[in-house]
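K.L.:
Okay, predicted coordinates and the sequence, questions at the end:
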Amino acid sequence: MRVSVFAFSRQGCRTARRVMELFKNDSVSAYTMERFGEDGFASIGSPSRTFYGDVFNNSDAIVFVGSVGIAVRKIAPFVKDKTTDPAVVSVDELGKFVIPLLSGHIGGANDLALNLAEKLDSTPVITTATDINHKFSVDAWAARNGYAIASLGRAKTVSAEILENDVCLSSEFPIITALPNGVVMGESGKVGIRLSVYRDEPFEKTLRLIPPILHLGIGCRKGTEQTAIQEAVDAVLKTNSIDPRAVKCVASIDLKSEEEGLLQFCSERELPVSFYSAEELKAVEGDFTPSEFVQSVTGVDNVCERAALIGAEKLIVKKTAMNGVTVAVAAEHWEVRFE
């Protein structure tokens, strides 16, 4: 995690050093006023607006040791969106109070404030409604557990509803812990949460949370262009009503490790890709769709299904062929925990 820490007095620098102890395993940049000349702190003198903008855009978390007013003035011009803004926390210079200011849930500022308060033996000042009412914070939980949030608008709807009424939860996956406060199991109703890789919406207003657990197995002819691979993958996902945000990675045979079209597709979609030998693919157990032609070229009867299953639990879409591209989809094992 990239963390930036600011202090604006000598006492603030002392408190900032205690703050920085929480981030010993992270990349930390510390800043203070030029006149203090503190070791370990970069001097900021009279920084320009561009300086704070660069820090804001290149940090996962920012901690201001000083007044809330200073923090607000420094970050205000750069606030954009709760899905991309860093967590911003303010700590008074004596370390008595820790206040999350921005990205409390998705950015993790609330959790950061609680951790800092414990470290500093201070008081966390949490103001988000679900937290102070001890209700389930759906966006914070989703962010902590790696779920993609299909709609921030629906997340707000759920958060508003849960303050007044229990919200139903429908899950494709087994739930192995107790449900959080404000959540009950259900499959229909006005407002609800659906945990799934599919685009199904059982509630009138459904908030879909999507875990990235799907592996794409891809085979293709030599020289296949990126657009052909993209069209084939998109068609498979659409036909099977799979949300693209559920895709975690791509896999194929090592013979395709230099296929420009496949590599360009993975790069554009920001998907890691793994390549396996024919022997590794043949070792995968299961019932696969055989092809004599694929066997003659690659040495294994099926590439896409076998490749998709490596590191996954079950095949959910068998081999689908389109314009010289074959695609299969497998899912990892997934369990739901509310902890």
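P.N.:
Thanks, I have the structure now.

K.L.:
Lowest mean pLDDT among the helices and strands, pick that one out for the protein.
P.N.:
Using mean pLDDT, DSSP states H and E, helix 292-298 stands out as the lowest-scoring helix or strand of the chain, at a mean of 82.

K.L.:
and that one, which residues are buried?
P.N.:
The neighbour-count criterion (16 or more other C-beta atoms under 10 Å) identifies 294, 298 as the buried residues of helix 292-298. Every residue, glycine included, has its C-beta placed from N, CA and C.

K.L.:
helices or strands next to that helix in the packing?
P.N.:
Applying 3 or more C-beta pairs under 8 Å, 6 or more residues apart in numbering; DSSP states H and E, we find helix 292-298 packed against no helix or strand.

K.L.:
Toward the C-terminus, what is the element adjacent to that helix?
P.N.:
Note on helix 292-298: by DSSP states H and E, the next helix or strand toward the C-terminus is helix 304-309.

K.L.:
how far out from the middle of the chain is the next helix or strand after that next one?
P.N.:
Under the assignment DSSP H and E, the closest C-terminal helix or strand after helix 304-309 is strand 314-322. Centre-to-centre, strand 314-322 and its host chain are 26 Å apart (C-alpha atoms, centre = their mean, to the nearest Å).

K.L.:
ok, residue 146 to residue 174 distance?
P.N.:
For residue 146, the distance to residue 174 (C-beta to C-beta, to the nearest Å) stands at 17 Å.

K.L.:
Comparing the two, which shows the higher neighbour count?
P.N.:
residue 146 (12 against 9; other C-beta atoms under 10 Å).

K.L.:
What residues does that one make contact with?
P.N.:
Neighbouring residues of residue 146 by C-beta atoms under 8 Å, 6 or more residues apart in numbering: 211, 212.

K.L.:
The one 3 residues further on now?
P.N.:
For residue 149, the contact set (C-beta under 8 Å, 6+ apart) comprises 83, 106, 139, 142, 143, 155, 207, 209.

K.L.:
could you say which helix or strand contains the fourth one?
P.N.:
If you go by DSSP H and E, residue 142 is part of helix 138-144.

K.L.:
Now do the buried residues in that helix.
P.N.:
For helix 138-144, the neighbour count (16+ other C-beta under 10 Å) marks 138, 139, 140, 141, 142, 143 as buried.

K.L.:
Identify the residues contacting the second one.
P.N.:
When you say that, I think you mean residue 139. So residue 139 contacts 105, 106, 149, 152, 155, 159 (C-beta under 8 Å, 6+ apart).

K.L.:
picking that back up, just put the contacts of residue 149 in a markdown table and tack on distance to residue 22 and pLDDT.
P.N.:
Listed next are these as a markdown table, based on distance: C-beta to C-beta, whole Å; pLDDT from 0 to 100:
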| residue | distance to residue 22 | pLDDT |
| --- | --- | --- |
| 83 | 24 | 83 |
| 106 | 20 | 85 |
| 139 | 23 | 92 |
| 142 | 24 | 94 |
| 143 | 19 | 90 |
| 155 | 28 | 94 |
| 207 | 32 | 98 |
| 209 | 29 | 98 |
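
K.L.:
and the longest helix seen in the chain, what does it pack onto?
P.N.:
For the chain, the longest helix by residue count, based on DSSP state H, is helix 226-239. In terms of contacts (3+ C-beta pairs under 8 Å, 6+ apart), helix 226-239 is packed against strand 214-220, helix 260-269, strand 314-322, strand 325-331.

K.L.:
And the ones you listed: which comes nearest residue 74?
P.N.:
Residue 74 lies closest, by C-beta to C-beta, to one member of those: helix 260-269, at 35.4 Å.

K.L.:
Flag every buried residue along that closest one.
P.N.:
Neighbour-count burial for helix 260-269, counted by 16+ other C-beta under 10 Å, picks out 261, 262, 263, 265, 266.

K.L.:
Then stretch 270-283?
P.N.:
Neighbour-count burial for stretch 270-283 [16+ other C-beta under 10 Å]: 271, 273, 275, 276, 278, 280, 281.

K.L.:
So which residue is smack in the middle of the chain?
P.N.:
With distances taken as C-alpha atoms, centre = their mean, the residue of the chain nearest its centroid is residue 146 (4.5 Å).

K.L.:
Just the element for that residue, please.
P.N.:
Here residue 146 is assigned to no helix or strand, by DSSP H and E.
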